[in-house]
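[1] Here is my input, please return the structure:
(one chain, ligands or ions: 2)
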Amino acid sequence: MAPTQGPRAPLEFGGPLGAAALLLLLPATMFHLLLAARSGPARLLGPPASLPGLEVLWSPRALLLWLAWLGLQAALYLLPARKVAPVSALAPGGNSGNPIYDFFLGRELNPRICFFDFKYFCELRPGLIGWVLINLALLMKEAELRGSPSLAMWLVNGFQLLYVGDALWHEEAVLTTMDITHDGFGFMLAFGDMAWVPFTYSLQAQFLLHHPQPLGLPMASVICLINATGYYIFRGANSQKNTFRKNPSDPRVAGLETISTATGRKLLVSGWWGMVRHPNYLGDLIMALAWSLPCGVSHLLPYFYLLYFTALLVHREARDERQCLQKYGLAWQEYCRRVPYRIMPYIY
Ligand SMILES: NC(=O)C1=CN([C@@H]2O[C@H](COP(=O)(O)OP(=O)(O)OC[C@H]3O[C@@H](n4cnc5c(N)ncnc54)[C@H](OP(=O)(O)O)[C@@H]3O)[C@@H](O)[C@H]2O)C=CC1
Ligand SMILES: CC(C)CCC[C@@H](C)[C@H]1CC=C2C3=C(CC[C@@]21C)[C@@]1(C)CC[C@H](O)C(C)(C)[C@@H]1CC3
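    Numbering: from 1, shown residues only. Ligands and ions are numbered 1, 2, ... in the order given. The predicted structure follows:
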């Protein structure tokens with residue numbers, strides 16, 4: 001099949017050099033985080049903990065468990081109860097001709113065998129549900145060690161379960177994300193979905209297992225309120241856009257102000273999308289803060305997710321902005337004029 005764009009598609013992630021660095025840095029960071037969370041000082045910026053011996057790193061039982069988990073998820077995915085992703089094509093960005101860069105970004109947009117879509121399957125199922133399972137295992141281990149799970153562990157488990165449950169409930173919405181429509185299925189998404197999400201997104205629960213934190217009811221209530229605010233913004237913004245994209249005359253969005261574009265599509269300029277250009281990112285970041293707060297303020301390590309996620313979303317917003325400018329031209333410039341802030345009102 002012919003590439004959808006020639007080798008002149010703009011390079012992202014720092015080009016081949018950046019991609020090569022990320023290929024090495026991402027797995028190394030993940031190992032560092034996992035080892036630091038169980039070490040005494042639990043220092044995010046400390047020297048890397050020494051690697052355990054090969055006999056600890058290699059476990060045929062763990063591999064078997066992982067394969068069985070993938071098999072189970074693949075069988076569930078094949079059940080006729082899901083939406084179908086766009087047709088197969090080459091990814092616009094992952095066909096630069098540089099093998100390292102293309103390996104990192106992925107050449108194929110939606111690699112498939114028959115109707116089994118690898119990217120769509122990996123984006124939502126094994127890693128995301130695996131994250132919740134790892135959290136639950138850590139909660140049970142805490143109960144075994146200390147008699148009962150701590151309030152902090154309950155909060156982290158509850159918040160993240162809500163986030164994953166929400167993603168699965170709105171599964172079809174993932175079909176319009178940049179990962180599905182633009183990025184190929186390369187190292188970034190394969191490693192991101194299958195390793196990075198389950199093992200680094202569960203860092204707060206891992207930290208709490210090894211470093212229990214006292215948490216009183218008043219503080220827990222404040223943290224719940226922060227999570228609820230983040231979720232309200234995240235869900236409100238995502239649902240408003242999805243409803244509008246599906247049916248602009250839906251009574252829930254029909255009264256919102258819009259800008260027409262040359263493509264025939266419209267852009268919302270009131271409601272959530274008139275507040276900042278990425279209100280869903282703002283809600284997601286507020287939730288990220290609420291997931292770290294139960295771990296106290298004595299360590300930076302549990303705040304890794306918040307720091308990483310801020311960098312990811314700022315970078316992602318810039319990528320999306322470039323793509324929208326290309327798609328909508330003058331109408332996008334008008335939108336930026338009317339809604340000048342990107343993620344945080346009056347700040348960024
Ligand atoms: N937990 C995690 O690790 C991560 C979570 N996320 C979350 O995933 C979700 C999806 O994010 P993402 O795919 O990046 O982007 P968005 O869901 O924000 O989608 C951006 C697209 O929305 C459309 N759009 C932008 N502005 C408007 C407007 N004013 N009116 C109507 N349509 C508009 C454009 O596409 P078009 O016009 O073509 O419809 C644009 O390309 C977010 O909630 C984010 O927080 C993202 C990354 C990682
Ligand atoms: C390893 C690298 C540093 C970066 C990898 C990025 C990926 C981990 C993320 C890219 C976009 C994602 C989304 C979600 C999970 C993380 C990845 C895969 C998402 C499935 C989380 C749940 C949300 O409700 C969502 C909106 C469905 C998310 C979609 C994007």
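[2] any idea which element the closest residue to A195 other than its chain neighbours lies in?
    The shortest distance from A195 to any non-neighbouring residue, by CB to CB, 6 or more residues apart in numbering, is to M30 (6.3 Å). Just so you know, the C-beta spots here come from the backbone N, C-alpha and C atoms, and that holds for glycine as well. In this structure, M30 sits in helix 15-38 according to DSSP states H and E.
[3] so how far is that helix off the chain centroid?
    Remark: helix 15-38 is offset 17 Å from the chain centroid, using CA atoms, centre = their mean, to the nearest Å.
[4] Tell me who's in contact with the residue in the stretch 1-150 of the chain that ligand 1 sits nearest to.
    Going by CB to the nearest ligand atom, ligand 1 is nearest to L128 of the stretch 1-150 of the chain, at 9.2 Å. By CB atoms under 8 Å, 6 or more residues apart in numbering, the contact list for L128 reads V164, A167, L168, D193, V197, P198.
[5] returning to that earlier point: does the helix holding M30 come close to ligand 1?
    No: Helix 15-38 is not in contact with ligand 1 by CB under 6 Å from any ligand atom; minimum separation 13.5 Å.
[6] count of neighbours near the residue nearest to A195?
    By other CB atoms under 10 Å, the residues close to M30 number 16.
[7] who's in contact with it?
    Neighbour list for M30: A195, W196, F199, T200 [criterion: CB under 8 Å, 6+ apart].
[8] any chance of those residues in a markdown table, with pLDDT and secondary structure too?
    Formatted as a markdown table, those follow (pLDDT from 0 to 100; DSSP: H, G, I helix; E, B strand; the rest coil):
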| residue | pLDDT | secondary structure |
| --- | --- | --- |
| A195 | 94 | helix |
| W196 | 96 | helix |
| F199 | 95 | helix |
| T200 | 95 | helix |
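[9] out of the residues you listed, which are buried?
    Buried residues within those, counting neighbours by 16 or more other CB atoms under 10 Å: W196, F199, T200.
[10] residues touching the second one, list them.
    Just to be clear, that refers to F199. M30, L33, L34, I134 are the contacts of F199 under CB under 8 Å, 6+ apart.
[11] If we use 7 Å, what do you get?
    Residues near F199 by CB atoms under 7 Å, 6 or more residues apart in numbering: M30, L34.
[12] Centroid-nearest residue for this protein?
    Against the mean C-alpha coordinate of the chain, by CA atoms, centre = their mean, the closest residue is V197 at 7.4 Å.
[13] tell me which element that residue is part of?
    V197 belongs to helix 197-200 when elements are defined using DSSP H and E.
[14] Can you tell me the number of residues neighbouring whichever residue of the stretch 101-250 of the chain sits closest to ligand 2?
    Going by CB to the nearest ligand atom, ligand 2 is nearest to G192 of the stretch 101-250 of the chain, at 2.8 Å. Counted by other CB under 10 Å, the residues lying close to G192 total 19.
[15] And it, how close does it get to A318?
    Remark: distance between G192 and A318 (CB to CB, to the nearest Å) = 18 Å.
[16] Can you tell me how far H278 is from A42?
    32 Å.
[17] who's more crowded, the two?
    Taking other CB under 10 Å, H278 and A42 do not tie; H278 has more neighbours (25 against 22).
[18] That one against V339, yeah?
    No: when contacts are counted by CB atoms under 7 Å, H278 is not listed as touching V339 (9.9 Å).
[19] For stretch 59-71, what does the pLDDT average out to?
    Across stretch 59-71, pLDDT averages out at 92.
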